[in-house]
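*Asks:* model this:
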Amino acid sequence: NNLTEKDKLIKQIKLIEYLNSIKDILYPAGDYFILSNQDYQLSEYLLKNGKGSDTISYENLKFLSNNLEDVSNFIDYDIKDVIEHIDPSIKTTLSQDQISSLYDELKKISLDDNVNTEIKDEIKKLLQYRPE
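*Replies:* Numbering: from 1, shown residues only. Now for the predicted structure:
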């Protein structure tokens, strides 16, 4: 919201370039662009931290989970949406062991007294509906 018009245009161009680079089809619906923007920002965060840009690989989901407070300072949308993105139950490329491991990581984070309360609460909501 605090970006200049020039910075907004640069961000829009980068988003379109990102979607083009992953060979995604551009749909004009608003939700599509919202979700694409969220994924783009997570991808940029991963790249900034020396990780690959794949936002659904096991290693990167684990990295995002363990750095939620830093991620929340990097993105310009609600951390709740990041936590929904890292939900292991919706990742079809993960093994059962990887899904369990990610849930264990999230549980540890939700019990950590040093983690932001909003983040802990959102993780607890996610864990409440964890499929067994």
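*Asks:* Find the centremost residue of the chain, please.
*Replies:* V82 (3.9 Å; Cα atoms, centre = their mean).
*Asks:* Give me the nearest residue to E69, chain neighbours excluded.
*Replies:* N116 (5.6 Å; Cβ to Cβ, 6 or more residues apart in numbering). Using the backbone N, CA and C atoms, a C-beta is placed for each residue, glycine as well.
*Asks:* The one you found - how many residues pack around it?
*Replies:* 13 (other Cβ atoms under 10 Å).
*Asks:* Now it, what are its backbone angles?
*Replies:* phi -50, psi 140 (degrees, to the nearest 10).
*Asks:* Tell me who's in contact with the residue nearest to the centre of the chain.
*Replies:* Going by Cβ atoms under 8 Å, 6 or more residues apart in numbering, V82 touches 38, 42, 64, 68, 71-72, 75.
*Asks:* among the residues you listed, which are in helices?
*Replies:* Judged by DSSP state H, helices contain the following of the contacts of V82: 38, 42, 64, 68, 71-72.
*Asks:* Out of the contacts of V82, which comes closest to L94?
*Replies:* L64 (13.6 Å; Cβ to Cβ).
*Asks:* Any idea how far apart the tips of stretch 64-75 sit?
*Replies:* 12 Å (Cα to Cα, to the nearest Å).
*Asks:* Next, the buried residues of stretch 114-123.
*Replies:* 119-120, 122-123 (16 or more other Cβ atoms under 10 Å).
*Asks:* could those residues be laid out in JSON lines, adding secondary structure and distance to P88?
*Replies:* Below are these laid out as JSON lines (DSSP: H, G, I helix; E, B strand; the rest coil; distance: Cβ to Cβ, whole Å):
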{"residue": "I119", "secondary structure": "helix", "distance to P88": "17"}
{"residue": "K120", "secondary structure": "helix", "distance to P88": "17"}
{"residue": "E122", "secondary structure": "helix", "distance to P88": "15"}
{"residue": "I123", "secondary structure": "helix", "distance to P88": "12"}
